[in-house]
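> Got a predicted structure plus its sequence, pasted below:
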Amino acid sequence: MKRFYKDFDQFRVRQVYSLLSDAGIPCTIKNEFIQGASGEIPHHEALPEIWLLDAQWEAKANALLKEFEQDIAAEDVAKVDWTCSECAQVNEPQFRICWQCERPRLV
């Protein structure tokens, strides 16, 4: 077994776990319910962790994690107004194309 991922955000750990499980990568979560002991033990030892059951899956798991993190970063960019590179129209974040000239948003 090999520790693959840990985070303070238990929801994020669950997202990564689901991503790996859906891809058929055998893994498990450790320390899922230990956060209540934080303070009694050092907080960095109470983080939920994802462990790969076989290290041979590490390359595929890393590729999926990288893609996931890029998607998260793209979502953060998508939360701000953007200016069209063609007509300089300011568009709200939910628009994927400029509502004035219909040019796609460049991310």
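Yes, it's here. Note that the coordinates shown come from a computational prediction; the quantities given were computed from them, not determined experimentally.

> So for the least confident helix or strand in the chain by mean pLDDT, what gets flagged as buried?
Within the chain, no helix or strand scores below helix 58-77, which has a mean of 86 by mean pLDDT, DSSP states H and E. Across helix 58-77, burial judged by 16 or more other Cβ atoms under 10 Å covers 61, 64-65. C-beta here means a position set from N, CA and C on the backbone, and glycine is covered the same way.

> and residue 87, what does it touch?
When contacts are counted by Cβ atoms under 8 Å, 6 or more residues apart in numbering, residue 87 is found next to 98, 100-101, 103.

> Show me which of those residues are buried.
residue 98.

> if I look at residue 13, how far off is residue 88?
42 Å (Cβ to Cβ, to the nearest Å).

> on that earlier part again, make a markdown table out of the contacts of residue 87 and add pLDDT, distance to residue 31 and secondary structure.
As requested, the contacts of residue 87 are exported to a markdown table (pLDDT from 0 to 100; distance: Cβ to Cβ, whole Å; DSSP: H, G, I helix; E, B strand; the rest coil):
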| residue | pLDDT | distance to residue 31 | secondary structure |
| --- | --- | --- | --- |
| 98 | 92 | 47 | coil |
| 100 | 92 | 51 | coil |
| 101 | 94 | 51 | coil |
| 103 | 91 | 48 | coil |
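
> where does this protein dip in pLDDT?
Filtered on pLDDT under 70, the chain yields the residue ranges 35-39, 43-44, 75-78, 107.

> Do a quick rundown of the helices in it.
Assigned by DSSP state H, the chain shows helices spanning 10-22, 58-77.

> of the ones you listed, which approaches residue 29 most closely?
helix 10-22 (5.5 Å; Cβ to Cβ).

> ok so, going back, ok, residue 13 and residue 88, which is more surrounded?
residue 13 (20 against 10; other Cβ atoms under 10 Å).

> From residue 81, how far off is the closest residue to the more buried one other than its chain neighbours?
Excluding its sequence neighbours, the residue lying closest to residue 13 (Cβ to Cβ, 6 or more residues apart in numbering) is residue 48, at 4.4 Å. Shown here: residue 48 relative to residue 81, a distance of 35 Å by Cβ to Cβ.
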